[in-house]
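Trainee: here is my input, please return the structure:
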Amino acid sequence: MRAVFSRIGSKIWCDAHSLGVLLICAALIGRRAFLFTAAIAGAARLFRRRYIQDEPQLPEAIVPAAPVIISTPEQAFRPPDGFEFPVVPDPSLVHTALGRAVVGQAPAVEALMLGIIAGGHVLLEGAPGLGKTLACSTMARAINGSFSRIQCNADLAPADIVGCEIFDQRDLSFKSRLGPVFANVVLVDEINRAPARAQAALLEAMEERSVTIGTESFALPDPFFVLATMNEAEADGIFPLPEAQLDRFLLKVVLDFPTPEEDLAILERCGRPVHSYESSASLGALRAWQFACRAIYCAPALKKHIADIVRATRDAAEAGELETAAGPRAGLAILRTARARAILAKRAYVLPVDVRSVALAALRHRVTFAHSYLLARAEREERLRTIVDRVPLP
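Mentor: The predicted model follows:
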């Protein structure tokens, strides 16, 4: 206690308005000790002012604080200094080609672009006649790649997809005949009409980018994309896709009916020649986009945000809101697609808006709701959006 009052006395010894405080301090710690401490402190202060010329400082309570610089979200997620991003061709030509060929359906067009840039497969769900096949074939022509179509039905066999071995009587040996899956862009039309064994033929092709025929393995063309369509409204003659099959799709897009203006544009386009966009891009440009997509910078805070979104689906499953939660592939899909969206926006880094824009398309086919047959599609979409919106932005 004596040391505390000594420090107080040394700081206010020259203040004439603190005479009462001086008397109290002198009474508590002793007059001689107080005067001796105050004299030493005053001499030291006078010596600093005269010889060292120390500027008098304001008390800490009224020292103005340094201005706080609040960075914008974009500045907070920019890459560090020295980050090098490869120069890539402009993907807007392919995007424009798809937009001109398909009237409306902006989510489907954007999903196809994100899929080819990220190197993933896309599942399109919608009613017949919404332009799914046209969009897929146009994209194959726009990137100057090969295109094949597999029409699924109940009699489809795995050999009709990947190929089979044929016995050659000339040299008495078996030779492999490659199936329609060997193309850059493969349209699997009405995939939920194929039986389980036919769907299983696509598992190796979609994940390993290779096909095994007999005892021989064949690599698929590079790049390789599977664009599948399905119609959920039908209940007869369909085979539900297993979770392993759905998890291999990077995105799932739900197509809606066109607006009245788009219906009129479709009618006006009827009878006109179809434009060709074969020279929009090349397979080399597509490979450059895929390489650049892996080099897009994603801040650690955004990676944690993606992990929190996936974790939110698991928490919802534990709470009974979901029957099946998203697995690790969901987080990888969100990250890859967010990077692809940054390339479309001509940025070298990912922003929170990129993550939130692709989260639903990457999650809707990886989660299942309890008693989903009692929920309409719009209600399932709203519940999934609510689960994602619970996660705070970084």
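Trainee: domain parsing for this protein?
Mentor: 2-62, 89-284, 296-394 (automatic domain parsing).
Trainee: of all these, which one is nearest D81?
Mentor: domain 296-394 (11.8 Å; C-beta to C-beta). To be clear about C-beta, it is placed using only N, CA and C from the backbone, and glycine gets the same treatment.
Trainee: can you give me the end-to-end span of that closest one?
Mentor: 18 Å (C-alpha to C-alpha, to the nearest Å).
Trainee: repeat for stretch 124-133
Mentor: Note: stretch 124-133 ends 10 Å apart using C-alpha to C-alpha.
Trainee: change the start of the numbering to 16 and stick with it
Mentor: Fine by me, first position is 16 from now on; the one you just mentioned is stretch 139-148.
Trainee: what residues are up against A150?
Mentor: 113, 116-117, 120, 123-124, 127 (C-beta atoms under 8 Å, 6 or more residues apart in numbering).
Trainee: try A363
Mentor: 94, 98, 100, 311-312, 357.
Trainee: what's the pLDDT at it?
Mentor: Predicted confidence (pLDDT) for A363: 85.
Trainee: now a ChimeraX select for only the buried ones of the contacts of A363.
Mentor: A single ChimeraX command is used to select the members of the contacts of A363 judged buried by 16 or more other C-beta atoms under 10 Å:
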select :94,311,312,357
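Trainee: the contacts of A363 in helices, which ones?
Mentor: A357 (DSSP state H).
Trainee: could I get the contacts of A363 as CSV with distance to A211 and pLDDT?
Mentor: Below are these laid out as CSV (distance: C-beta to C-beta, whole Å; pLDDT from 0 to 100):
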residue, distance to A211, pLDDT
P94, 45, 78
F98, 47, 71
F100, 44, 71
I311, 37, 88
Y312, 42, 89
A357, 38, 90
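Trainee: part of a helix, is T227?
Mentor: No. According to DSSP: H, G, I helix; E, B strand; the rest coil, T227 belongs to no helix; its state is strand.
Trainee: give me the neighbour count for the residue nearest to R93 when sequence neighbours are not counted.
Mentor: Closest residue to R93 apart from its sequence neighbours, by C-beta to C-beta, 6 or more residues apart in numbering: Y364 at 5.6 Å. When neighbours are counted by other C-beta atoms under 10 Å, Y364 registers 18.
Trainee: okay, strands next: where are they in this protein?
Mentor: Assigned by DSSP state E, the chain shows strands spanning 136-140, 162-166, 178-183, 188-193, 200-204, 225-228, 231-234, 240-245, 264-269, 337-339, 383-384.
Trainee: and those as a markdown table, adding distance to S152, mean pLDDT and mean neighbour count?
Mentor: A markdown table is the format used below for the strands of the chain (distance: least, C-beta to C-beta, whole Å; pLDDT from 0 to 100; neighbours: other C-beta atoms under 10 Å):
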| stretch | distance to S152 | mean pLDDT | mean neighbour count |
| --- | --- | --- | --- |
| strand 136-140 | 13 | 90 | 25 |
| strand 162-166 | 6 | 89 | 17 |
| strand 178-183 | 22 | 82 | 13 |
| strand 188-193 | 20 | 82 | 13 |
| strand 200-204 | 7 | 89 | 25 |
| strand 225-228 | 22 | 87 | 17 |
| strand 231-234 | 24 | 86 | 12 |
| strand 240-245 | 10 | 88 | 25 |
| strand 264-269 | 17 | 90 | 25 |
| strand 337-339 | 34 | 86 | 17 |
| strand 383-384 | 32 | 85 | 16 |
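Trainee: possible to save those as a markdown table with distance to A303?
Mentor: Listed next are the strands of the chain as a markdown table, based on distance: least, C-beta to C-beta, whole Å:
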| stretch | distance to A303 |
| --- | --- |
| strand 136-140 | 20 |
| strand 162-166 | 21 |
| strand 178-183 | 30 |
| strand 188-193 | 27 |
| strand 200-204 | 18 |
| strand 225-228 | 23 |
| strand 231-234 | 20 |
| strand 240-245 | 16 |
| strand 264-269 | 19 |
| strand 337-339 | 37 |
| strand 383-384 | 37 |
